[in-house]
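>>> Any chance you can model this:
(2 chains)
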Amino acid sequence: MALLDICRHQDWKAILTPFGAQKFSVSCGSEVTCDEFKVPVGVDPSKFMNTFSEKDGKLKLQFNHGTTTLAFKFQHGVIVAVDSRCTAGKYIDTQYFKKVIEINPYLLGTMSGSAADCVYWERVLAQHCRIYKLRNKEQITVSAASKLLSNMLAGYRGMGLSIGSMICGWDKKGPGLYYVDENGTRLSGNMFSTGSGHSYAYGVMDSGHRYDLTIPEAYDLAQRAIYHATHRDAYSGGTVNMYHVKQDGWIKVSQEDVGELYQKYLKERK
Amino acid sequence: MNKDSHSETCLLQFRYPIFTVLALAGDDFAIVASDTRLSEGYSIHSRESPKCYKLTDTTVIGCSGFHGDCLTLTKIIDARLKMYKHANNKTMTSGAIAAMLSTILYSRRFFPYYVYNIIGGLDEEGKGAVYSFDPVGSYQRDQYKAGGSASAMLQPLLDNQIGFKNMENVQQVPLTKEKAIQLVKDVFISAAERDVYTGDALKICIVTKDGITEETIPLRKD
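Residues are numbered from 1 along each chain as shown, chains lettered A, B, ... in the order given. Prediction:
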């Protein structure tokens, strides 16, 4: 009865319990089932978390961070490109992290900031999108999905979450691209880039972007923008993962190592 | 007592991650290895405290970090595994355990478990799988991962020997079980040479479709 638990529809419990039967609640303890967020007692949660990330603090709890992501709209849909480096402090945790979350076959969410926060909240968003589809028999719009996410995050403002995400999709209104962040900011636009390397990516994208790009030109622009960001930003690197959102859903275009792209662009310059 | 010193007192119970855990995945096996030294500050509390815990017949977890949180976390995972088994009449797969652990860790986003986890096991198709976590639940499937105090020393060695990184004109041979076990032993012997918190003995758990076997190899005791 997994769906029943998620919907938490109270009327159904009355149907399932026989009339007059003694009901006793089996509580396994919220420690084990993890129903709610635990906070330290008597301390402001965000100050508590700050002590872990203070520069001269003795204890360092490092969470996975750092990135460059970009997305832009053009005549054939939305292109999404991300790097794949995950850093914890100055240690590179992995070079092959998946920073694009496939919410459903029509919606993608990108991830920058704290990896755990992005993955968790976008999974919760995927759950809500699925329930919306079951209840309303149609796909959720990109606008509604991004609004759900920004409202969820606004409830935790000031608690130290770190999320800079772009929700991309194609719905009945056409291609959609929204930027959502941990303060509850939600912006619609034609082009966004987030993460520590975003300024490098904006430079390349702004110089090459037009609405009437062809598909190969758009792929090349996105790849180049991420490559240049990884070249100059220490916290971005690994591979360039690229997705293309079309009318009938998204496809994964390519995953190329940045070292090989360097060789390719070097040859072109000669 | 003002608020700041109260949180300081809470934090004094935490310590640095002071064990080393390693996991690697092959085509039909997975290996999780850890040293067995339990130290705090300048002292060694125990020489026989392994950090790999068997969860199911196909999954082993290695936890490095604050030992109290490691023990509590493994107890919570065991309880959730039993609940799943009773509710669904089947054992959880490695991928499902990894996803569940991610949400358990995230439920403590504002008061984290100070634990770096690595899960090693077989996936539904029988191939080796390694999942590595950060303290608040971000996870990723890898082929190999080192965690804990000597992780920065071990991970580059694994990148070179298993991932064939930073080498040119090298043949990419798939990893056999015997070569993998020998590599793990060599890697821990190197870590024990240069990291003060690694040593005493090495416990290796090898997960194959026939079950989990364990080996213990002595390391430097100094």
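>>> Any stretches of chain B with poor pLDDT?
B:1-17 (pLDDT under 70).
>>> Report the beta-bridge partner residues of the residue nearest the centre of it.
Centrality entry for chain B: nearest residue to the mean C-alpha point is B:Gly62, 2.8 Å, by CA atoms, centre = their mean. Note on B:Gly62: beta-bridge partners B:Cys52, B:Ile118, judged by DSSP bridges.
>>> That one touches B:Lys51, doesn't it?
Yes: contact criterion CB atoms under 8 Å: B:Gly62 and B:Lys51 qualify, at 5.5 Å. From N, CA and C alone the C-beta is placed, and that goes for glycine too.
>>> For chain B, which segments are assigned as helices?
With DSSP state H as the criterion, chain B has helices at B:3-12, B:67-88, B:94-106, B:151-161, B:177-194.
>>> Quick check: which of those is buried the most?
helix B:94-106 (a mean of 20; mean count of other CB atoms under 10 Å in any protein chain shown).
>>> so that helix versus helix B:67-88, what angle?
130 degrees (axes from the mean of the first three to the mean of the last three CA atoms, to 10 degrees).
>>> what packs against helix B:94-106?
Helices and strands touching helix B:94-106, by 3 or more CB pairs under 8 Å, 6 or more residues apart in numbering or on different chains; DSSP states H and E, are helix A:115-136, strand B:59-65, helix B:67-88, strand B:115-122, strand B:128-133, strand B:139-142.
>>> looking at these, which is closest to B:Tyr106?
helix A:115-136 (4.7 Å; CB to CB).
>>> Just want the angle from the closest one to strand B:128-133.
100 degrees.
>>> Tell me the buried residues in helix A:115-136?
A:115-123, A:125-126, A:128-129, A:132 (16 or more other CB atoms under 10 Å in any protein chain shown).
>>> What about chain B: which of the residues you listed touch it?
A:115-117, A:119-120 (CB under 8 Å from any CB of the partner chain).
>>> Make JSON lines from the residues you listed and add distance to A:Ala222 to it.
Below are those laid out as JSON lines (distance: CB to CB, whole Å):
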{"residue": "A:Ala115", "distance to A:Ala222": "22"}
{"residue": "A:Ala116", "distance to A:Ala222": "26"}
{"residue": "A:Asp117", "distance to A:Ala222": "25"}
{"residue": "A:Val119", "distance to A:Ala222": "23"}
{"residue": "A:Tyr120", "distance to A:Ala222": "27"}
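>>> near chain B at all, stretch A:188-205?
No: interface with chain B: stretch A:188-205 contributes nothing (CB under 8 Å from any CB), its closest point being 15.3 Å away.
>>> ok, and what's touching that stretch?
A:66-73, A:83, A:110, A:112-113, A:143, A:164-166, A:176-179, A:206, A:209, A:211, A:221-222, A:224-226, A:228-233, A:235-236 (CB atoms under 8 Å, 6 or more residues apart in numbering or on different chains).
>>> Helices - which of those residues land there?
Reading helices off the contacts of stretch A:188-205 with DSSP H, I get A:143, A:206, A:221-222, A:224-226, A:228-232.
>>> what sits against A:Glu122?
Contacts of A:Glu122 by CB under 8 Å, 6+ apart are A:101, A:103, A:109, A:111, A:149, A:165.
>>> JSON lines for those, including neighbour count, distance to chain B and pLDDT?
Listed next are the contacts of A:Glu122 as JSON lines, based on neighbours: other CB atoms under 10 Å in any protein chain shown; distance: CB to the nearest CB, whole Å; pLDDT from 0 to 100:
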{"residue": "A:Ile101", "neighbour count": "19", "distance to chain B": "12", "pLDDT": "90"}
{"residue": "A:Ile103", "neighbour count": "24", "distance to chain B": "16", "pLDDT": "90"}
{"residue": "A:Gly109", "neighbour count": "28", "distance to chain B": "15", "pLDDT": "94"}
{"residue": "A:Met111", "neighbour count": "29", "distance to chain B": "9", "pLDDT": "88"}
{"residue": "A:Leu149", "neighbour count": "26", "distance to chain B": "16", "pLDDT": "95"}
{"residue": "A:Ser165", "neighbour count": "29", "distance to chain B": "14", "pLDDT": "93"}
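>>> between these, which is closest to A:Asp93?
Distances from A:Asp93 to the contacts of A:Glu122, taken by CB to CB, are shortest for A:Met111, at 14.0 Å.
>>> Would you confirm that that closest one contacts A:Trp121?
No: shown here, A:Met111 and A:Trp121 do not form a contact pair, counting by CB under 8 Å, at 9.8 Å.
>>> Touching both of these two, which residues are there?
By CB under 8 Å, 6+ apart, A:Met111 and A:Trp121 have these common neighbours: A:163, A:165.
>>> ok, now how distant is A:Gly66 from A:Phe97?
Using CB to CB, to the nearest Å, A:Gly66 is found at 10 Å from A:Phe97.
>>> my bad, should have said B:Lys165
16 Å.
>>> The two: who's more crowded?
Taking neighbours as other CB atoms under 10 Å in any protein chain shown, B:Lys165 and A:Phe97 compare with A:Phe97 leading, 23 against 12.
>>> May I ask which helix or strand encompasses that one?
Using DSSP states H and E, A:Phe97 is not contained in any helix or strand.
>>> how about stretch A:256-270: buried residues?
A:256, A:258, A:261.
>>> Show me the strands in the stretch 51-200 of chain A, by range?
A:68-74, A:77-82, A:86-88, A:91-94, A:100-104, A:107-110, A:164-171, A:174-181, A:186-188, A:191-195 (DSSP state E, counting those that start in this stretch).
>>> Close to chain B: what parts of the stretch 151-270 of chain A are there?
A:159-161.
>>> Sort out which one of those lies nearest chain B for me.
A:Met159 (6.2 Å; CB to the nearest CB).
>>> For that closest one, the count of nearby residues, please.
16.
>>> Roughly how far does it sit from A:Pro40?
Distance from A:Met159 to A:Pro40, by CB to CB: 12 Å.
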